[in-house]
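Trainee: sequence plus predicted model, see below.
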Amino acid sequence: MANQIVLQCACGEAINSVSELTLVKAEGAKNEVAIVCPNPVCIFQEIGRCKYESDELSSSNLIKAEFISSFSTWNAINNGIDQTSEILKKMLVEIVKELIPKNKDLKRRDK
Ligand SMILES: [Zn+2]
């Protein structure tokens with residue numbers, strides 16, 4: 001596919017699909033899920049966050065899902081803003097509708 005773009009964390013790690021991302025309960029924030037870079041030594045760690053109304057992490061309870069601006073901006077610079085925002089939106093939908101419901105027992109991040 002000619003238009004296929006590869007997303008990348010600002011640490012340089014390529015993110016080919018949402019299944020490579022790690023989802024953890026966010027530290028110090030109730031009912032929030034952090035989307036974490038697949039690179040275990042990433043200096044940024046968190047690339048996005050999903051906020052929920054309660055600890056029931058269903059899509060009907062979702063308040064907000066977004067990638068952090070440095071991640072979006074980094075990819076927009078590399079791949080163009082239109083393509084990037086489109087693919088990021090699709091990834092968030094996949095994370096919220098498929099990944100999080102399948103991972104009901106999200107772990108807290110190891111310190
Ligand atoms: Zn990273």
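Mentor: Noted; the coordinates are in hand. No experiment lies behind these values; they were computed from the predicted model shown.
Trainee: ends of stretch 64-73, how far apart?
Mentor: Stretch 64-73 has an end-to-end distance of 19 Å (criterion: Cα to Cα, to the nearest Å).
Trainee: ok, longest helix in this structure?
Mentor: helix 81-94 (DSSP state H).
Trainee: the residue positioned nearest the centre of the chain is in what secondary structure piece?
Mentor: Most central in the chain under Cα atoms, centre = their mean is I35, positioned 3.8 Å from the mean C-alpha point. Per DSSP states H and E, I35 falls inside strand 32-36.
Trainee: which elements pack onto that strand?
Mentor: strand 22-25, strand 46-52 (3 or more Cβ pairs under 8 Å, 6 or more residues apart in numbering; DSSP states H and E). C-beta here means a position set from N, CA and C on the backbone, and glycine is covered the same way.
Trainee: pick the most buried one from these.
Mentor: strand 46-52 (a mean of 20; mean count of other Cβ atoms under 10 Å).
Trainee: pairing partners for the strand holding I35, with directions?
Mentor: Applying DSSP bridges, strand 32-36 is found paired with strand 22-25 (antiparallel), strand 46-52 (antiparallel).
Trainee: adding distance to S58 and mean pLDDT, write the helices and strands packed on strand 32-36 out as CSV.
Mentor: Output for the helices and strands packed on strand 32-36, formatted as CSV (distance: least, Cβ to Cβ, whole Å; pLDDT from 0 to 100):
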stretch, distance to S58, mean pLDDT
strand 22-25, 14, 92
strand 46-52, 8, 97
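Trainee: and those: which comes nearest the ion?
Mentor: The ion lies closest to strand 46-52 among the helices and strands packed on strand 32-36, at 6.8 Å (Cβ to the ion).
Trainee: go ahead and name everything in contact with that closest one.
Mentor: Strand 46-52 is touched from outside by 9, 21, 26, 29, 31-37, 57-58, 61-68, 71, 92, 95-96, 100, with contacts defined as Cβ atoms under 8 Å, 6 or more residues apart in numbering.
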